[in-house]
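Novice: Quick check, what structure comes out for this input:
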Amino acid sequence: MIVYDRLFIGGRWAEPATTELLDIRSPHDRSLVGRAAQASPADADRAVAAAREAFDRGPWPRMTPGERQAVIARFSELHAARTDELAALVTSENGSAIWFTRWTHAALAEQTSAYLRAAESFGWEERLDPSGASGTVVRREPVGVVAAVIPWNAPHQSALVKMVPALLAGCTVVLKASPETALDALVLGEIFAEAGFPDGVVSILPADRETSEYLVSHPGIDKIAFTGSTAVGRRIASLAGQQLKRVSLELGGKSASIILEDADLPAVVEGLKWASFANNGESCVAHTRILAPRSRYDEIVAALKIMVEGLKVGDPSDASTFIGPMVRADQQERVRSYIELGVKEGARLVTGGSDVPEGLEGGFYVRPTLFADVDNAMRIAQEEIFGPVIVVIPFEDEEDAVRIANDSPYGLGGGVWTTDPEHGLEVARRIRAGFCTVNNADPGFEGPFGGYKSSGIGREFGAVGLAQYVEHKTIAV
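Specialist: Residues are numbered from 1 along each chain as shown. From the prediction side, this is the model:
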């Protein structure tokens, strides 16, 4: 069992304001994984004070960009060396299948490398006249103290996609981690300490919603970077607006995946296995609305049924498991209630259902579920379920498909399936979402990621993600 009885505040291990430890239990069998300190508002005060001092008077914002890049590159090396350990720990905490956590953690080195490449060519200070004759200088300076607030479903990815660009820009960071994944968050503290960041630059606080709200409302915070639900994102935006804090929000989604008539069905089904059901369906970009042409509707539903029924559900630490448990009992009940709602709304339950898989009653499991004959106005088509549930919606023609895809309060992800990639690109251009794929192509980490509409504000990854953590200053000389 892992025990962290201290918090990582200002780059040092510190006794928390309260001594009660948080129990972290496995969503697979409810066994005790470990215990961790949980931050209170008093701990948030200490972390913000350390970050404020480090930003206002410490060396980190005053180092050259290259000097900061060297420290972050060292951190990335140390983090990559613990990939297997960290993947196993996250799986034990949140129930993500081990194949997914290993894949995610292996990709984090490249995610950070993409930020480092962006920082190398970033215009930290430029003259508007390339000849140097102009007296106008544009500087990009760190925004200040950043509160990074992350969820439990992919904790290190969510943390580093915010912390790395903020640190590269010269900001100081207070990371607020979810209680469900408190242990892996505090392991990050060990790695940051070993990498050699100056005092005060990084703090890590596992905390509940009350302390989170206290942190983002703190007058010492200049910028909030949040990943999580749209409802909480609206609350954070409201709090930030009252104080005119800078804010970036990566929120929920209800991604539409358009299968065009010429699509290669076996390739589509294999691709949707990953695009729809990765990370137990607890993914903001999951393709959960499958749009199928009426001319091939029955064929597509039948093929998806075979795929969904072939997904192995069980112990997430087993390498052969594809789908593990939901993270908590309330999340399990939420997903099951949506499945029951779909039946009440008149959708056809093709496979799955709200009953717990046999033999897995000791954990927070949900059967992978497929609905057909779904109208896009149904709640199961409009609301984010955040579990292994997909719906198949028929469309008449391409125009109808695009209309249905865009008929959503969300605009985070989407996809197009076709044997003609150029035509797929044309269709993707018409989808009102921040991230689209054609035939599930890999986007890499250079392009910006984020959402339209209720899916968020701002972008992550690459140079655009780095720019979320700077202020622009113009100096006329």
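
Novice: Between its first and last residues, how far does stretch 366-375 reach?
Specialist: 23 Å (Cα to Cα, to the nearest Å).

Novice: Show me which residues of that stretch are buried.
Specialist: Within stretch 366-375, the residues scored as buried using 16 or more other Cβ atoms under 10 Å are 366-374. Glycine gets a C-beta too; all of them are placed from N, C-alpha and C.

Novice: In strands, which of those fall?
Specialist: 369-372 (DSSP state E).

Novice: picking that back up, any idea which of the buried residues of stretch 366-375 is closest to residue 471?
Specialist: residue 366 (44.5 Å; Cβ to Cβ).

Novice: residues in contact with the closest one?
Specialist: Residue 366 makes contacts with 325-326, 332, 335-336, 339, 354, 356-357, 387-389, as judged by Cβ atoms under 8 Å, 6 or more residues apart in numbering.

Novice: Could I have the CA atoms of the top helix by length along the chain written out in CSV?
Specialist: Using DSSP state H to define each element, the chain has its longest helix at helix 98-121. Coordinates of each C-alpha in helix 98-121 appear next as CSV, following Å, rounded to 0.1, in the frame of the first residue of the first chain:
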residue,chain,number,x,y,z
ILE,A,98,-3.6,-1.1,-18.4
TRP,A,99,-3.2,-1.0,-22.2
PHE,A,100,-4.7,2.5,-22.1
THR,A,101,-2.6,3.9,-19.3
ARG,A,102,0.6,2.4,-20.7
TRP,A,103,-0.2,3.9,-24.1
THR,A,104,-1.0,7.3,-22.6
HIS,A,105,2.1,7.5,-20.5
ALA,A,106,4.4,6.4,-23.3
ALA,A,107,3.0,9.2,-25.4
LEU,A,108,3.7,11.9,-22.8
ALA,A,109,7.4,12.2,-23.7
GLU,A,110,6.4,13.2,-27.2
GLN,A,111,3.7,15.6,-25.9
THR,A,112,6.3,17.4,-23.9
SER,A,113,8.8,17.3,-26.7
ALA,A,114,6.3,19.0,-29.0
TYR,A,115,6.0,21.8,-26.4
LEU,A,116,9.8,22.0,-26.2
ARG,A,117,10.1,22.4,-30.0
ALA,A,118,7.4,25.1,-29.9
ALA,A,119,9.3,26.9,-27.2
GLU,A,120,12.5,26.8,-29.2
SER,A,121,11.0,28.7,-32.1
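
Novice: What residues of it count as buried?
Specialist: 98-102, 104-105, 108-109, 111-112, 114-116, 118-119.

Novice: now, which of these sits nearest residue 314?
Specialist: residue 98 (11.3 Å).

Novice: how close does the closest one sit to residue 339?
Specialist: From residue 98 over to residue 339 the distance is 26 Å, taken as Cβ to Cβ, to the nearest Å.

Novice: now do residue 1
Specialist: For residue 1, the distance to residue 339 - Cβ to Cβ - is 35 Å.

Novice: For the two, indicate the residue with more neighbours.
Specialist: Counted by other Cβ atoms under 10 Å, residue 1 and residue 339 do not tie: residue 339 has more neighbours, with 23 against 9.

Novice: Where does that one sit: helix, strand or coil?
Specialist: helix (DSSP: H, G, I helix; E, B strand; the rest coil).

Novice: Checking residue 75 next. Helix, strand or coil?
Specialist: Assignment for residue 75 (three-state DSSP): helix.

Novice: Can you list phi and psi of the residue lying closest to it once chain neighbours are set aside for me?
Specialist: Counting by Cβ to Cβ, 6 or more residues apart in numbering, residue 75 lies nearest to residue 195, which is 3.8 Å off, once chain neighbours are set aside. Main-chain torsions, residue 195, degrees, to the nearest 10: phi -70, psi -20.

Novice: can you count the residues close to residue 195?
Specialist: 18.

Novice: how about it, what does it touch?
Specialist: Counted by Cβ under 8 Å, 6+ apart, residue 195 has contacts 71-72, 74-75, 78.

Novice: Residue 49 too?
Specialist: residue 220.

Novice: one more time with 10 Å
Specialist: Residues near residue 49 by Cβ atoms under 10 Å, 6 or more residues apart in numbering: 9-10, 145, 200, 203, 218, 220.

Novice: In TSV, list those residues along with distance to residue 35 and neighbour count.
Specialist: Output for those, formatted as TSV (distance: Cβ to Cβ, whole Å; neighbours: other Cβ atoms under 10 Å):
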residue	distance to residue 35	neighbour count
9	18	26
10	23	24
145	29	27
200	27	25
203	20	31
218	27	22
220	29	20
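
Novice: which secondary element of the chain has the worst mean pLDDT?
Specialist: strand 125-127 (a mean of 90; mean pLDDT, DSSP states H and E).

Novice: Neighbouring strands - and their directions - for the next helix or strand after that strand?
Specialist: Going down the chain from strand 125-127, the next helix or strand is strand 136-142, by DSSP states H and E. Strands adjacent to strand 136-142 in the sheet, as given by DSSP bridges, are strand 125-127 (antiparallel), strand 470-476 (antiparallel).

Novice: what distance separates the first one from the centre of its chain?
Specialist: This points to strand 125-127. The chain centroid and the centroid of strand 125-127 are separated by 33 Å, computed with Cα atoms, centre = their mean, to the nearest Å.

Novice: again with stretch 143-155
Specialist: Distance, stretch centre to chain centre, for stretch 143-155: 10 Å (Cα atoms, centre = their mean).

Novice: and if you look at stretch 293-300?
Specialist: The answer for stretch 293-300 is 33 Å, by Cα atoms, centre = their mean.

Novice: Which positions in it come out as buried?
Specialist: Neighbour-count burial for stretch 293-300 flags 293, 296-297, 300 (criterion: 16+ other Cβ under 10 Å).

Novice: Need the per-residue pLDDT for the closest residue to residue 79 other than its chain neighbours.
Specialist: Distances taken as Cβ to Cβ, 6+ apart place residue 191 nearest to residue 79, at 5.3 Å, with adjacent residues excluded. Per-residue pLDDT puts residue 191 at 98.

Novice: What about residue 191, how many residues nearby?
Specialist: 20.

Novice: Go ahead and confirm it touches residue 86.
Specialist: Yes: with contacts counted by Cβ atoms under 10 Å, residue 191 reaches residue 86, the gap being 9.2 Å.

Novice: Common neighbours of the two, please.
Specialist: 79-80, 156.

Novice: who's in contact with the nearest residue to residue 306 once chain neighbours are set aside?
Specialist: Once flanking residues are discounted, residue 306 sits nearest to residue 269: 7.7 Å by Cβ to Cβ, 6+ apart. Shown in contact with residue 269 (Cβ under 10 Å, 6+ apart): 259, 263, 300, 303-308, 310, 417.

Novice: Tell me the secondary structure at the residue nearest to residue 79.
Specialist: helix.

Novice: Look up how far residue 169 lies from the residue lying closest to residue 125 once chain neighbours are set aside.
Specialist: Spatial nearest neighbour of residue 125, chain neighbours left out: residue 139 (4.9 Å); criterion: Cβ to Cβ, 6+ apart. Going from residue 139 to residue 169 by Cβ to Cβ gives 12 Å.
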